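Visitor: fold the following for me, if possible:
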Amino acid sequence: MGRINNKEKISLHVKTLKIVKTILDENPDIKVIFEGSETPLEARMKLREWVMRYLDKNPHTKNYYLQKATGHPALKRIAFRDYAAIRLMDYLDYEGRAFIDPNRKNKELISQPIKNLWLAINLGKGSAEEDFFLDMLFLFRQINGQLSRKTPTKKQVEVWMENHPTGLDEDVVAIRRANKKHIIKKLVKKISSGTLKSQRFQFTNGMSDEEKYHKALEWWEDHRFHLVFAIKNPGLLNEMMSSSLREETLRAIKKAKNKGIPIFVNPYYLSLISVEITPGKTGADLPMRDYIFPSKELISEFGHIHAWEKEDIIQPGEPNAAGWILPPYFNVHRRYPEVAIFIPDTAGRACGGLCVSCQRMYDFQSGRFNFDLDKLVPKTSWPEKMKLLLEYWEKDTQLRDILITGGDAFMNTDSSLRQILEGVYQMALSKKNANHYRPAGEKYAELLRVRLGTRLPVFLPQRITPELIQILAEFKEKASEIGVKQFVIQTHIQSAMEITPEARDGIKRIIDAGWIVTNQMVFTAASSRRGHTAKLRKVLNDIGVVPYYTFSVKGFMENYHNFATNERAAQERVEEKYVGNISKKDLYYIKGLPDNAEDMINSLKEFRKNKDIPFIATDRSVLNMPGVGKSLSYRTIGITNDGRRILKFEHDQTRTHSPIIDSMGNVVIIESKSINAYLNQMENFGEDRNTYKTIWGYSASETESRMPIFQYPDYQFKTTNELTNFRIDQKDINEHYFESATSNCN
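Guide: Now for the predicted structure:
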């Protein structure tokens, strides 16, 4: 019968046994296989024969399982029930495999769905839990046809979208106007009493309360006012929110503060959070609340959080996880051959607020917070250091794209941002001039794209001043003359509720300056509700923004609350985002829109009207993998005893990667949350879990191709294929990838 450990001798709960009985009642073949097998191994062999008979009748599915056919075209050729056959085969192939689980402090676990079923059916015992058996129940329902997929109609998707208000709705604007008035009055009182102090923002002696209020209204339009008086204290936070925080939320915030987790909410953004129960609006700001209020899992894990993206770990002179050798100052991050991230030693390292899902949370554990602006004043040595750092782009053969972020690029002062952009211009000019002396085939890639990463259009739209816009416009005019072709403000808007009249107007000013605005959102649990992301795409298009990425939540147990499973991301793409899909011919029309960035709002409006679509689905749904690249190409190869799926990811084959991916295996990720736990969370949000039931079936996915609008323009010359600043250390590869930490335990 095989070895059974003590945990597997525990009798299963009656509720769990009922699920097992349902599996047998609905699947007579499975009942015969498992009840007629004396050991789990025998059941495994019989089940493999049973599934292979199914695959032999479906050659396209069999080829996909065998990876003889891959990519979107291959996936589209298989039926929904075929997903289940492939998953069963993958379960059989990986049965008994051990994995290291970072969600459980690197505890080793074994994927053994067949053994779990055998123990439950024949002995009524085992260590598997209810969520595991529910997942198996729906797996068999999928393969027997009971769980089927009928793609929701466009009308249904639009109904879901209507469930989500926006920050431009008149009633929402009115609610926030009242919030703003309340917050300003509180601030006036505390500034007057000396509880809150600032050298820049002070009342003069003899001012009446009304005069103070109107002076504070003026200050409200200055982004520095919001940074100076950002709320960092739990008690003050609750006071500013009219004491509306639930007791458990307030306790959690206090506990987080005591443990060292920072609180940083600026008054403007706080005014967007509802403090009253409003029919049709309560819960609309949930994605925003879940970005500023810490979860119990984050509080518990803080102090033990590990960096998710391994290439962020840099040792001077040594290649990072992607193989790139970087400058020694921790100012450059890099994954891909064509692009690197530039992080200045300025206030641009700071943010206008704190997102609790921030990928830098692991760094905050050391007390290195990016909210102390006084410590981020550029040192006198910064201009010279910046020049040395930008030489990294100039002397690299493949770099053609610079993403200036931090922190937040718009947190730079005007003088710092002007200085940084001037440095980028001089670097691009030097690289272009040096190419005159290189023959065809040996020329370096010249700078084609400049991006500024910022969340301030929604965190602090007051920052988008005429002076800032002038800097952007002047740089574009000058850089265009030396061959830079793409100018992008890459923002992060999480919800249509974040798009206020102030944000809309600020973004329009950016567009008028000739820069396009793209958006990447994080697909948190709250923002994964039916229709939410589709509504965001629509409102983004309405104000001239082009969706760029929709990211699955990265990280481990610290982000458990905000994690929406990758299966939900795949479901949203197929069942909701599809209404914004356009033809290949139209994709190339869209590609030309940035050439007339100033007309982006009208262009997007007219195009959608002509095609009768609510939004243009230009974003790619992906996960930032812990090693190299972004992908949503996965297969479900295993499942934990508590029902969490184990996914094997392949690298995105639609873009250029570091050559290191040819030297490593696939990336295995254990999800932190089971499908049933996710659906329970949706119910707690007030959602009907039945509208999500096809989520159980999305056990395979393929990464969407990059949209032409986001591809680099071609050069008029042939560049070199040589790689600089790159080295593969074979001994380090396995250290960074989870699949290498697996073993067979049959």
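Visitor: report pLDDT for the residue nearest the centre of the chain.
Guide: Central residue of the chain (CA atoms, centre = their mean): Phe551, 2.8 Å from the mean position. Here the pLDDT value assigned to Phe551 is 96.
Visitor: secondary structure class for it?
Guide: Three-state call for Phe551 (DSSP: H, G, I helix; E, B strand; the rest coil): strand.
Visitor: relative to Ser527, how far out is it?
Guide: 11 Å (CB to CB, to the nearest Å). Quick note: C-beta positions are derived from backbone N, CA and C, even for glycine.
Visitor: which neighbours do the two share?
Guide: Common neighbours of Phe551 and Ser527 (criterion: CB atoms under 8 Å, 6 or more residues apart in numbering): Met521.
Visitor: what is the residue nearest to the centre of the chain paired to in the beta sheet?
Guide: Beta-bridge partners of Phe551, counted by DSSP bridges, are Val522, Val622.
Visitor: who are the contact partners of it?
Guide: Phe551 neighbours (CB under 8 Å, 6+ apart): 520-523, 622-624, 630.
Visitor: again, but for Glu338
Guide: Glu338 makes contact with 398-401, 445, 656, 712, according to CB under 8 Å, 6+ apart.
Visitor: likewise for Pro294?
Guide: Counted by CB under 8 Å, 6+ apart, Pro294 has contacts 252-253, 256, 261, 356.
Visitor: helix, strand, or coil at the nearest residue to Met386 once chain neighbours are set aside?
Guide: Of all residues not flanking Met386 in the chain, Gly423 sits nearest, at 5.2 Å (CB to CB, 6 or more residues apart in numbering). Following three-state DSSP, Gly423 is assigned to helix.
Visitor: for Gly423, which residues are in contact?
Guide: The neighbours of Gly423, taking CB under 8 Å, 6+ apart as the test, are 383, 386-387, 390.
Visitor: of those residues, buried ones?
Guide: Buried residues within these, counting neighbours by 16 or more other CB atoms under 10 Å: 386, 390.
Visitor: would you turn the contacts of Gly423 into TSV with pLDDT and distance to Pro466?
Guide: TSV is the format used below for the contacts of Gly423 (pLDDT from 0 to 100; distance: CB to CB, whole Å):
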residue	pLDDT	distance to Pro466
Pro383	89	26
Met386	94	26
Lys387	93	29
Leu390	96	28
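Visitor: what's the distance between Tyr54 and Leu168?
Guide: Tyr54 sits 51 Å away from Leu168, going by CB to CB.
Visitor: cool, Val14 as well?
Guide: The gap separating Val14 from Leu168 is 52 Å, by CB to CB.
Visitor: between the two, which is the more surrounded one?
Guide: Leu168 (17 against 8; other CB atoms under 10 Å).
Visitor: and that one, helix, strand or coil?
Guide: Classified using three-state DSSP, Leu168 is coil.
Visitor: pretty sure it sits against Thr500.
Guide: Yes - with contact defined as CB atoms under 8 Å, Leu168 counts as touching Thr500 (7.0 Å).
Visitor: between the two, which contacts overlap?
Guide: With the criterion set as CB under 8 Å, 6+ apart, the contacts of Leu168 and Thr500 do not overlap.
Visitor: closest one of the contacts of Gly423 to Lys310?
Guide: Nearest to Lys310 out of the contacts of Gly423 is Leu390 (CB to CB; 25.4 Å).
Visitor: quick check: chain neighbours aside, which residue is closest to Lys185?
Guide: Tyr213 is the one closest to Lys185 (CB to CB, 6+ apart), at 6.8 Å.
Visitor: the one you found: neighbour count?
Guide: Other residues close to Tyr213 by other CB under 10 Å number 15.
Visitor: next one: it, what pLDDT does it get?
Guide: Reported pLDDT for Tyr213: 97.
Visitor: likewise Pro659?
Guide: On pLDDT, Pro659 comes in at 89.
Visitor: mind listing the helices for the stretch 251-400 of the chain?
Guide: When secondary structure is read from DSSP state H, counting those that start in this stretch, the stretch 251-400 of the chain shows helices at 267-270, 286-292, 296-301, 361-364, 382-394.
Visitor: and of the ones you listed, who's closest to Ile660?
Guide: Closest among the helices of the stretch 251-400 of the chain, once you apply CB to CB, is helix 382-394, at 18.7 Å.
Visitor: quick one: residues in contact with that closest one.
Guide: Helix 382-394 has contacts (CB under 8 Å, 6+ apart) with 326-327, 329, 331-332, 340, 342, 344-346, 399, 402, 419-420, 423-424, 426-427, 430-431, 434, 447, 725.
Visitor: after that helix, which helix or strand is next?
Guide: Following helix 382-394 in sequence order, the next helix or strand is strand 401-404 (DSSP states H and E).
Visitor: partner strands of that next one and their direction?
Guide: Applying DSSP bridges, strand 401-404 is found paired with strand 339-342 (parallel), strand 449-454 (parallel).
Visitor: pick the most buried one from those strands.
Guide: strand 449-454 (a mean of 23; mean count of other CB atoms under 10 Å).
Visitor: neighbouring contacts of the helix or strand following that one?
Guide: Sequence-wise, the next helix or strand downstream of strand 449-454 (DSSP H and E) is helix 456-459. Residues outside helix 456-459 that contact it (CB under 8 Å, 6+ apart) are 223, 266, 268-269, 351-353, 408, 410-411, 463-464, 489, 491-494, 498-500, 503, 506-507, 510, 517.
Visitor: which one of the contacts of Phe551 is nearest Arg3?
Guide: The nearest member of the contacts of Phe551 to Arg3, counting by CB to CB, is Leu623 at 35.6 Å.
Visitor: give me the pLDDT for the closest one.
Guide: At Leu623, the pLDDT value in this model is 95.
Visitor: where's the residue lying farthest from the centre of the chain, which helix or strand?
Guide: Distance to the chain centre peaks in the chain at Gly206, reaching 50.6 Å (criterion: CA atoms, centre = their mean). In the assignment (DSSP H and E), Gly206 maps to no helix and no strand.
Visitor: so what pLDDT did it get?
Guide: 94.
Visitor: need the phi and psi values for it.
Guide: With angles defined as degrees, to the nearest 10, Gly206 sits at phi 90, psi 0.
Visitor: the chain should start at 214 in everything you say after this.
Guide: In the new count, where the first residue is 214, that last one comes out as Gly419.
Visitor: so the residue nearest to Lys398 is in contact with Ile397, correct?
Guide: Yes - between Tyr426 and Ile397 there is a contact at 6.4 Å, judged by CB under 8 Å.
Visitor: burial of Lys270, as a residue count?
Guide: 10.
Visitor: that one and Arg919, how far apart?
Guide: Taken as CB to CB, the span from Lys270 to Arg919 is 36 Å.
Visitor: show me what contacts Phe828?
Guide: Shown in contact with Phe828 (CB under 8 Å, 6+ apart): 747, 750-751, 753-754, 760, 792-793, 821.
Visitor: out of those, list just those in strands.
Guide: Pro760 (DSSP state E).
Visitor: dump the contacts of Phe828 into CSV; add neighbour count and pLDDT as well.
Guide: Shown next, in CSV, are the contacts of Phe828 (neighbours: other CB atoms under 10 Å; pLDDT from 0 to 100):
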residue, neighbour count, pLDDT
Ala747, 24, 98
Arg750, 28, 98
Lys751, 23, 98
Leu753, 27, 98
Asn754, 23, 98
Pro760, 25, 98
Val792, 23, 98
Gly793, 22, 98
Arg821, 18, 97
